[in-house]
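**Q** return atomic coordinates for the entry below.
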Amino acid sequence: KNLAKKEIESSDSFKAWKAEINEFYKEKIESLKDELNEKLISEKQNNLIDYPIFMAIAEDIGYDATGNLTKNNELEIIGKELTNFINSVEDGTI
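**A** Sure, this is the predicted structure:
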């Protein structure tokens, strides 16, 4: 019996059949992985909590590239706005 099994498994038709079956199930597994991954990402996105984010860009920080004082310092305005933002987050008004 072992000899017959080995002969069958070593035949070209068996090898082709086995490769076809393996490819078929490999594609099914990959498809299932993709589907599950999409569902996982969707669930994660649905369960995320929205929260406020403070963003600011200072074009003028009170000094130029050579270190000389300028007439404007946007960091002062940004600092005040950041303080207001933090206070609003802490007291729940945002």
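
**Q** strands of the chain, start to end?
**A** 61-63, 69-73 (DSSP state E).

**Q** most packed of those?
**A** strand 61-63 (a mean of 13; mean count of other CB atoms under 10 Å). Yep, even glycine has a C-beta here, placed from its N, CA and C like the rest.

**Q** the residue most central in space within the chain and Ile53, how far apart?
**A** Nearest to the mean C-alpha position of the chain, by CA atoms, centre = their mean, lies Ile41 at 8.6 Å. Ile41 is 21 Å from Ile53, where distance means CB to CB, to the nearest Å.

**Q** cool, and Leu40?
**A** Counting by CB to CB, the gap from Leu40 to Ile53 is 25 Å.

**Q** what's the answer for Phe14, then?
**A** To Ile53, Phe14 is 61 Å away according to CB to CB.

**Q** the two: which has the busier surroundings?
**A** Neighbour comparison, Phe14 and Ile53: the larger count goes to Phe14, with 12 against 6 (by other CB atoms under 10 Å).

**Q** and the strands of the chain: which comes nearest Lys26?
**A** Closest to Lys26 of the strands of the chain, according to CB to CB: strand 61-63, at 57.4 Å.

**Q** what lines up beside the closest one in the sheet?
**A** Strand 61-63 sits in its sheet next to strand 69-73 (antiparallel), going by DSSP bridges.
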